[in-house]
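Student: Build me a model:
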Amino acid sequence: MVATFQRDLRANWEAWGKTSSHATPDARASAVASFEQVFPFCTPTAPEIVGRNLDPAAVATLMLAKAEQAMPGAYDGGNPDNALARTFLQRLTLNAYRHLLGQRAFINEIVPTLWREELERLGRLESKVDAVPDATVAKLLEVLDRRGEETAAETAGVHRTAIIQLAKRISENVEDLDQAFRELERAVEIAIEVQQEGSRHSNLGAFVDAVLERLANLTAEGRFDEAAAEAHRAYDQWERDEAERREQALAQGLRLIDAGLRQELLCGDAAAAARQAVRRVDLETHDPPARFDSLRQTRREWRERGRDQGLLLDQAVSVELARIEVLRASNSDQRGAALNDLGVSLQELGARETGTGRMERAVDAYRAALEEFTRDRVPYQWTYTQENLGILYLTMFRKTGERTYLETARAHATAALDVYREMSASYDIGTAENLIRSIEAEMQDD
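Tutor: You can find the predicted model right below:
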């Protein structure tokens, strides 16, 4: 009997090894090689098969357990790389054993020998299980059978014992018979769906297929709690694997962004470099509201490096980043801050260039910021923008000698000082007073 089982199982496996499209040829070859090595150690004995109630799913589970013990490197369930070999060892065992159960010669061989006593014992147990004393459960099963739904469930692979367990659970929680039947009918539908999911490829990989098949086997036997626990374990494993995959993908993405950014700098393209820097911000910052602040911090780093190290290209990148800030701003506070940042970056870069083109654009940015930072709503932000304008016009005077710039600089600085005094901001009062003294000193020298 066991030899017959071995021959049928080997034939099924060899056929799969030649024709299956479930995995790559190399993966199938590896799985077949593993099977060839483990096969002599995992074939069940006759008592072991009988002890599992002649249940194909239980026999398949037994073979898989034996294979895992004999060759843990190839069949250990904790290693996702082993999912393909495990899946098809279990699946082909099911196919082979189900085929044998349909052969009269096979049945005739096992019944007269050491299985007769076991079959009689199983028959007595089945009679006890079927003879459910609860009238509600019996009624539910009667209606289910009359509609042909119990037969459909058993055809799909759901054992009668599993259906009885479902009926018992529902009858304990639902008093109305009609409602209980609707609940049972739906539960049986779900159990059938589980069997269908476990018997076909999901196109989601060997790991998912193996889990779905294990859930189907447990559900078929009515081991619902074990199946639920298995589903939880599988999801936890997926979550761990997915976290590792995301971490690796993030590192890869950041590395590629940095590589692209360096190339844009070598090309001297400040706008393209800024776009790469923004990609990094977006990839690293998962919380959308926090991205604006992260973008401002990135612009500040480029601006300070360019200013402190005298790097024109870095300062140009900070200007482009500030322009992106303005586009991404979603409220008055963000728009005011972004426009002020743009003014600062343009002002500092313009101070190092001939002409006043960038400085004039900085004036436009500061004035636009004042429309967002109104004195009544945010007096402090309005004041430091005024002070920035005072510094900018003083710088423009020193670059061009145009006296009207000094008058405008003093007007902005004085406006800032007045509000600082109203706010009793002692430090800011000092900086504004120093600015006014510098402007007036230039007026006297002029």
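
Student: Could you use CA atoms for every contact and neighbour count after this?
Tutor: Noted.

Student: what are the ranges of the helices in the stretch 101-250 of the chain?
Tutor: Counting by DSSP state H, counting those that start in this stretch, the stretch 101-250 of the chain has helices at residues 104-110, 116-130, 135-146, 149-156, 160-173, 177-199, 206-220, 224-267.

Student: now the fifth one, how far from the centre of its chain.
Tutor: So that's helix 160-173. Centre-to-centre, helix 160-173 and its host chain are 37 Å apart (Cα atoms, centre = their mean, to the nearest Å).

Student: mean pLDDT for the helices of the stretch 101-250 of the chain: which is lowest?
Tutor: Among the helices of the stretch 101-250 of the chain, helix 116-130 carries the lowest mean pLDDT, a mean of 44.

Student: Comparing the helices of the stretch 101-250 of the chain, which stretch has the densest surroundings?
Tutor: helix 206-220 (a mean of 23; mean count of other Cα atoms under 10 Å).

Student: gap between that one and the chain center?
Tutor: Distance, centroid of helix 206-220 to centroid of chain: 22 Å (Cα atoms, centre = their mean).

Student: try stretch 170-178
Tutor: The answer for stretch 170-178 is 40 Å, by Cα atoms, centre = their mean.

Student: Let me see the contact set for Val278.
Tutor: The contact partners of Val278, by Cα atoms under 8 Å, 6 or more residues apart in numbering, come to Leu295, Leu321.

Student: let me redo that: Met443
Tutor: Met443 makes contacts with Leu406, as judged by Cα under 8 Å, 6+ apart.

Student: again with Leu342
Tutor: Neighbouring residues of Leu342 by Cα under 8 Å, 6+ apart: Val319, Ala322, Arg323, Ala362, Ala365.

Student: In helices, which of those appear?
Tutor: Applying DSSP state H to the contacts of Leu342, the entries found in helices are Val319, Ala322, Arg323, Ala362, Ala365.

Student: TSV for those residues, including neighbour count, distance to Gly253 and pLDDT?
Tutor: TSV is the format used below for the ones in helices among the contacts of Leu342 (neighbours: other Cα atoms under 10 Å; distance: Cα to Cα, whole Å; pLDDT from 0 to 100):
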residue	neighbour count	distance to Gly253	pLDDT
Val319	27	25	97
Ala322	29	24	97
Arg323	19	24	97
Ala362	27	35	96
Ala365	23	34	97
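
Student: Just list the residues touching Pro379, thanks.
Tutor: Applying Cα under 8 Å, 6+ apart, one finds that Pro379 lies in contact with Phe373, Val419.

Student: Do you know the pLDDT at it?
Tutor: pLDDT recorded at Pro379 is 94.

Student: do Ala3 as well
Tutor: 54.

Student: Kindly report the same for Ala27.
Tutor: pLDDT, Ala27: 68.

Student: do Gly102 as well
Tutor: 64.

Student: chain center to stretch 240-251: distance?
Tutor: Relative to its parent chain, stretch 240-251 has a centroid offset of 9 Å by Cα atoms, centre = their mean.

Student: and what of stretch 36-53?
Tutor: 40 Å.

Student: What of stretch 349-358?
Tutor: Per Cα atoms, centre = their mean, the centroid offset for stretch 349-358 relative to its chain is 47 Å.

Student: ditto for stretch 298-308
Tutor: Centre-to-centre, stretch 298-308 and its host chain are 34 Å apart (Cα atoms, centre = their mean).

Student: Now do it, average pLDDT.
Tutor: 96.

Student: With stretch 368-376 instead?
Tutor: Here the average pLDDT along stretch 368-376 is 94.

Student: Report the separation between the two terminal residues of that stretch.
Tutor: 16 Å (Cα to Cα, to the nearest Å).

Student: one step back: can you put the helices of the stretch 101-250 of the chain in a markdown table and add distance to Gly401?
Tutor: Formatted as a markdown table, the helices of the stretch 101-250 of the chain follow (distance: least, Cα to Cα, whole Å):
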| stretch | distance to Gly401 |
| --- | --- |
| helix 104-110 | 109 |
| helix 116-130 | 104 |
| helix 135-146 | 99 |
| helix 149-156 | 92 |
| helix 160-173 | 91 |
| helix 177-199 | 82 |
| helix 206-220 | 75 |
| helix 224-267 | 35 |
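
Student: can you list the domain ranges for this structure.
Tutor: 2-121, 132-222 (automatic domain parsing).

Student: Next, the contact list for Ala365, please.
Tutor: With Cα under 8 Å, 6+ apart, Ala365 has these contacts: Leu339, Asn340, Leu342, Gly343.

Student: From these, which land in helices?
Tutor: Leu339, Asn340, Leu342, Gly343.

Student: With pLDDT and distance to Glu149 as new columns, can those be given to me in a markdown table?
Tutor: Formatted as a markdown table, the ones in helices among the contacts of Ala365 follow (pLDDT from 0 to 100; distance: Cα to Cα, whole Å):
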| residue | pLDDT | distance to Glu149 |
| --- | --- | --- |
| Leu339 | 97 | 70 |
| Asn340 | 96 | 72 |
| Leu342 | 97 | 72 |
| Gly343 | 97 | 75 |
